[in-house]
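[1] Could you work out the structure for the sequence below:
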Amino acid sequence: MENKHAPHSEIGSLGNWLLTNRKAGIAEIIWVFGGAFVVMALVEMLLGGTPAAQQASVTAAIITMLLLLWAGLKLRGQRLTHFGLKFGAISVRSVTKAVLHSIPTFLAATLAFVAVASLIGLMVTSPDKADYSAFAYLKDRPWALAGSIVTLWFTASFAEEVIYRGFLITRIAEVAGDHRHSMKLAVLLSSILFGLAHYAWGPAGILQTFAMGLVLAIAYLKSGKNLWVTILAHAYMDTALLVSIYFSL
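    Model (predicted):
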């Protein structure tokens, strides 16, 4: 593993270990996800099991994961560009390119999500009706809808893409090494973990988000690891989902 941002002499022994030991990537993944689970448990224990507490625990867990993976980057002397998240040199051309690539990605991810739901509907005689009770606070409150969409852009659209596409795919591929199937393994495992992270949606939700994650992972690689493409596509999906729920209440 090469560090393109700082020579080994400029980083600490822990940073050098992370760079030179492939197994360190596994430890970091466990550390990031384990830290999130601990924070979720602590927040829910302190605030109780209410919907608001559950949302607070998820938000706290996501922030924890972002901080931990950022710490891993800093120790290595790397930047978020290592995951494909670029903030500099923004131009009309780069923004247009990201938007144009994000639209077919959004359509493909949505199709995968809906296709799995349709297959489940064909296999299950009486599928459970969607429960939107957790979104009751949105009813007849357009301002609440707007606030929820903006919040979801950070906690899901942005954060989940950084974690599950940028961080996981990069680190799993680094652990797998220079193997011709390493990137395929990274795409598959990251998508499985993305699906499992949505366990609260039930088995159907896990399969749907796995399919969605698989499409986003492939798009991430096809775009040359431009994370903004999948962030935008994910944002379109989250916005469409919340708006549809709002009008279903």
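
[2] check contacts around the residue nearest in space to the middle of the chain.
    Nearest to the mean C-alpha position of the chain, by Cα atoms, centre = their mean, lies Glu160 at 2.0 Å. By Cβ atoms under 8 Å, 6 or more residues apart in numbering, the contact set of Glu160 is 62, 194, 234. The C-beta positions use only the backbone N, C-alpha and C, and glycine is treated the same way.

[3] can you count the residues close to the second one?
    Number of residues near Phe194 (other Cβ atoms under 10 Å) recorded here: 24.

[4] How is this protein partitioned into domains?
    Per automatic domain parsing, the domain ranges recorded for the chain read 1-78, 87-249.

[5] Where does Ser244 fall, secondary structure wise?
    Assigned by DSSP states H and E, Ser244 falls within helix 227-246.

[6] got it, and Ile120?
    Per DSSP H and E, Ile120 falls inside helix 92-123.

[7] So which residues make contact with the helix or strand that that helix is followed by?
    Counting by DSSP H and E, the element after helix 92-123 in chain order, helix or strand, is helix 142-152. Contact with helix 142-152 is made by 137-138, 238-239, 242-243, 246, as judged by Cβ under 8 Å, 6+ apart.

[8] so Trp228 sits right up against Lys86, yeah?
    Yes. The criterion here is Cβ atoms under 8 Å, and Trp228 meets it with Lys86 at 7.5 Å.

[9] In three-state terms, how would Ser248 be classified?
    Secondary structure, DSSP: H, G, I helix; E, B strand; the rest coil: Ser248 is coil.

[10] Quick check: it touching Tyr132?
    Yes. If you go by Cβ under 8 Å, Ser248 and Tyr132 touch, sitting 6.1 Å apart.

[11] Serialize the domains of the chain to a markdown table and add fields for mean pLDDT.
    Output for those, formatted as a markdown table (pLDDT from 0 to 100):
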| stretch | mean pLDDT |
| --- | --- |
| domain 1-78 | 84 |
| domain 87-249 | 91 |
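
[12] What are the buried residues along the host helix or strand of Gly213?
    According to DSSP H and E, Gly213 maps onto helix 202-222. Neighbour-count burial for helix 202-222 flags 204-221 (criterion: 16 or more other Cβ atoms under 10 Å).
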